[in-house]
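Q: Generate coordinates for the sequence data below:
(2 chains)
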Amino acid sequence: MHLMEHAHVEDADLVREVLDGNQLSFQLLVERYQGRLFGLARHYTRSTVEVEDIVQDAFLKAYSRLDTFQHQSSFYTWLYRITTNTILDFMKRRGRNPVTTVEDPDITVGEAPETNVTRPDARLEAREISEITREVLDEMPEIFRTALILREFEDLSYQEIADQLDISIGTVESRLFRARARFKQKLLHKYPEFAQGVNE
Amino acid sequence: MNCETARPLIPLYIDGELTEPRASGLRPHLLECPACRGVMQGGKALETWFVPMEPVSVPEGFAARVARRAFAGDRGFTLQSERTPDSSGRASTLPAAEQPENPILQFVLHAVAVAAVLLITLSIAIRRQEMPDSEGLRALSESGSSSRLALDELNRKLELDTDGGHLGADENKALDD
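A: From the prediction side, this is the model:
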């Protein structure tokens, strides 16, 4: 069957075809989701080679485990979870902060810094804002960075984040709270000019 | 609603995670409380730092390449470093790629390990046999001191003999005469 004929085939059907040995069906699944997975992986590394390696690895893992896919969630949710784990595994091997750390000793719930950050200066271009944000995120512990990426860039709901990271919604809430407080703290430390009083 | 109840709800409100009944309970408080309103504005300002990034360009032919590799049996680089559960469900810390699968190789490795242990044990036993025990050391020490005494005695005697054996210069001269 030609690739174009697969264009409207459901993921579940493609998965079945792949399990029957159809390489083209797997290629189509890769084509469907490669852009989104590249988008996710590039939040973690500036190297395009590493981004490609991570996404390729995630797809290869997905293929090798395809027979365990239960169709209880969507294929994309399942694939996305494999990719998230692949990224976290990759970051761990690069010596990043462990992903199992739950408590952040610097910030406790209810003790967010008293200062807010301003909105980015209107003169800053989107690319410059992205660069500043990325610099700050790069310095954050992995669990907080991942929580922010999944919420702010990937626009996942709390439930989806919980499913991806295999944690409870309550943990997502507290992790996001701490992550934002940490982000604010680091942003203001690096760029104090963006500070703003709470009641201004 | 007071500030203490409202504060934890504000991030959820911004993220659209509050149910409508809870959100409608929070709104009046936000309208009347400048401090909580400030917290909410701060949260919204923080969100503006996360601007959507430009779409990523995927390398040409990526999907075909990955599909080819998958069907060629490539399982990805991290799979090899993951803990692989054994039949009992316990995870092995050895990477799968490092675990010897050849039974002959496994036998040779075991034999070498056993031989190494035997060699070490044997060498320790031999060394212990060669080393004297405490009594032996004392005997050696005593026999050593008696030998030294005997040697001193002998030297003294030899000196006496030498003195006696050598004739004085006058005696030699007398004899020559």
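Q: Just give me the neighbour total for the residue of chain B found nearest chain A.
A: At 3.1 Å from chain A, residue B:42 is the closest residue in chain B, using CB to the nearest CB. To be clear about C-beta, it is placed using only N, CA and C from the backbone, and glycine gets the same treatment. Using other CB atoms under 10 Å in any protein chain shown, residue B:42 is surrounded by 25 other residues.
Q: doesn't it fall inside a strand?
A: No - applying DSSP: H, G, I helix; E, B strand; the rest coil, one finds residue B:42 to be helix, outside a strand.
Q: what kind of secondary structure is the closest residue to it other than its chain neighbours in?
A: Using CB to CB, 6 or more residues apart in numbering or on different chains and skipping residues adjacent in sequence, the residue nearest residue B:42 is residue A:116, 3.1 Å away. Assigned with three-state DSSP, residue A:116 falls in the strand class.
Q: wait, doesn't residue A:116 sit right on residue B:37?
A: No - counting by CB atoms under 8 Å, residue A:116 does not reach residue B:37; the two are 11.5 Å apart.
Q: So these two - more neighbours on which side?
A: Counted by other CB under 10 Å, residue A:116 and residue B:37 do not tie: residue A:116 has more neighbours, with 24 against 17.
Q: what sits opposite that one in the beta ladder?
A: Beta-bridge partners for residue A:116, by DSSP bridges, are residue A:196.
Q: and the residue of chain B closest to chain A, what does it touch?
A: Taking CB atoms under 8 Å, 6 or more residues apart in numbering or on different chains, we find residue B:42 in contact with A:116, A:117, A:184, A:196, A:198.
Q: Show the low-confidence segments of chain A, by residue range.
A: Chain A contains residues with pLDDT under 70 at A:1-7, A:96-114, A:197-200.
Q: how does it divide up, domain by domain?
A: Split into domains by automatic domain parsing, chain A comes to A:3-93, A:115-197.
Q: ok, and what's touching stretch B:52-70?
A: Contact with stretch B:52-70 is made by A:23-24, A:26-28, A:30-31, A:34-35, A:38-39, A:42-43, A:51-52, A:55-56, A:59-60, A:63-64, A:130, A:153, as judged by CB under 8 Å, 6+ apart.
Q: Apply 6 Å and report the result again.
A: Here stretch B:52-70 makes contact (CB atoms under 6 Å, 6 or more residues apart in numbering or on different chains) with A:23, A:26-27, A:30-31, A:34-35, A:38-39, A:42, A:56, A:59-60, A:63, A:130.
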